[in-house]
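Enquirer: Coordinates for the following, if possible.
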Amino acid sequence: MTSLRTLSLVSLLALGACAPLINLGGSEPATAYGLRYPGGRALAAEGAPVIYVDEPVMTEGLGGRDIVVRGADGSQSVLKGGRWTAPASDMVRYYLVQALEDHTGARMIGEGGLDINAACRTHITVWHFEMVPGAGGTPDKAVVGLELSLVHLDTGEMLFRNRFDRTADITGNEPSTVVAAFQYAMEGLSGELAEGMKDKVAACGVETAPAG
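Expert: Numbers count the residues shown, from 1 in each chain. Prediction:
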């Protein structure tokens with residue numbers, strides 16, 4: 001495990017074991033951590049475009065509550081002493097709902113929103129959501145990578161598609177510092193995603209028939 005510096009990206013409860021952080025099996029007490037969107041979620045204006053944010057497809061077993069550690073040979077283990085408060089797929093979805101609504105001005109609908117009249121829908125595939133141990137003197141990293149497509153439901157037109165990747169150095173030897181790096185990576189990735197997508201959401205406005 002690499003020697004690591006002090007991290008002060010976010011304030012998190014730091015309850016957990018020190019190194020070693022990787023658990024190759026067995027069940028040990030673990031502190032649960034969540035991802036918190038740092039911005040204030042401003043409600044979209046009346047008449048704003050409505051977009052349904054589908055549940056992300058999490059590849060290679062990344063969607064559970066374990067914090068996945070991926071080795072250089074592609075092997076997987078789990079973080080010792082820490083885990084997610086909810087399935088990672090749910091946390092990523094809820095984080096993006098908040099971030100995209102905050103930055104694009106569109107109304108983003110997540111779980112439980114299928115009965116709402118949305119003109120567009122996102123499809124999200126998460127390729128990376130893991131810790132990668134450092135090697136050769138490099139720091140451990142939190143790695144997040146996903147692809148998002150925005151599709152108009154009536155026309156089938158793909159309005160937007162792009163892939164986004166972010167890494168953040170882990171600068172401590174406790175689970176809380178690993179989670180802080182994930183938090184930092186998600187903040188940067190969601191901002192970049194929203195910036196690329198915001199000019200496309202106007203096409204998702206829902207036309208309503210006149211009353212009477």
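Enquirer: Name the residue closest to the centre of this structure, please.
Expert: Note on the chain: the residue nearest the mean C-alpha position is Val92, at 3.4 Å, using Cα atoms, centre = their mean.
Enquirer: Thought Thr125 was touching it, still the case?
Expert: No - using Cβ atoms under 8 Å, Val92 is not in contact with Thr125, being 10.8 Å away. For the C-beta atoms, the positions are set from N, CA and C on the backbone; glycine is no exception.
Enquirer: joint contacts of the two?
Expert: Pro56, Leu146 (Cβ atoms under 8 Å, 6 or more residues apart in numbering).
Enquirer: Around Gly136, count how many other residues there are.
Expert: Residues near Gly136, counting by other Cβ atoms under 10 Å, number 5.
Enquirer: what's the helix or strand for it?
Expert: Assigned by DSSP states H and E, Gly136 falls within no helix or strand.
Enquirer: returning to what we had before: how much space between the closest residue to the residue nearest to the centre of the chain other than its chain neighbours and His128?
Expert: Of all residues not flanking Val92 in the chain, Pro56 sits nearest, at 5.2 Å (Cβ to Cβ, 6 or more residues apart in numbering). Noted for Pro56: a distance of 12 Å to His128, by Cβ to Cβ, to the nearest Å.
Enquirer: Compare those two (neighbour count), which wins?
Expert: Pro56 (24 against 19).
Enquirer: I'd guessed that one sits against Leu146; true?
Expert: Yes - using Cβ under 8 Å, Pro56 is in contact with Leu146, at 7.1 Å.
Enquirer: shared neighbours of those two, which are they?
Expert: Residues touching both Pro56 and Leu146 (Cβ under 8 Å, 6+ apart): Val92, Ile124, Thr125, Val126.
Enquirer: Which of those residues sits closest to Val178?
Expert: Using Cβ to Cβ, Val92 is the member of these that lies nearest Val178, at 16.2 Å.
Enquirer: I'd like the average pLDDT over the lengthiest helix in the chain.
Expert: Counting by DSSP state H, the longest helix found in the chain is helix 175-197. Here helix 175-197 scores 96 as its mean pLDDT.
Enquirer: So for it, what gets flagged as buried?
Expert: Across helix 175-197, burial judged by 16 or more other Cβ atoms under 10 Å covers 175-187, 189-191, 193-194, 197.
Enquirer: give me the number of residues near Glu147?
Expert: 16.
Enquirer: so what does the helix or strand it falls within touch, helix or strand wise?
Expert: Assigned by DSSP H and E, Glu147 belongs to strand 141-152. For strand 141-152, the contact count by 3 or more Cβ pairs under 8 Å, 6 or more residues apart in numbering; DSSP states H and E identifies strand 120-132, strand 158-169, helix 175-197 as packing neighbours.
Enquirer: give me every residue that touches the closest residue to Gly188 other than its chain neighbours.
Expert: Spatial nearest neighbour of Gly188, chain neighbours left out: Arg166 (4.9 Å); criterion: Cβ to Cβ, 6+ apart. Applying Cβ under 8 Å, 6+ apart, we find Arg166 in contact with Val143, Val144, Gly145, Ala185, Met186, Gly188, Leu189, Glu192.
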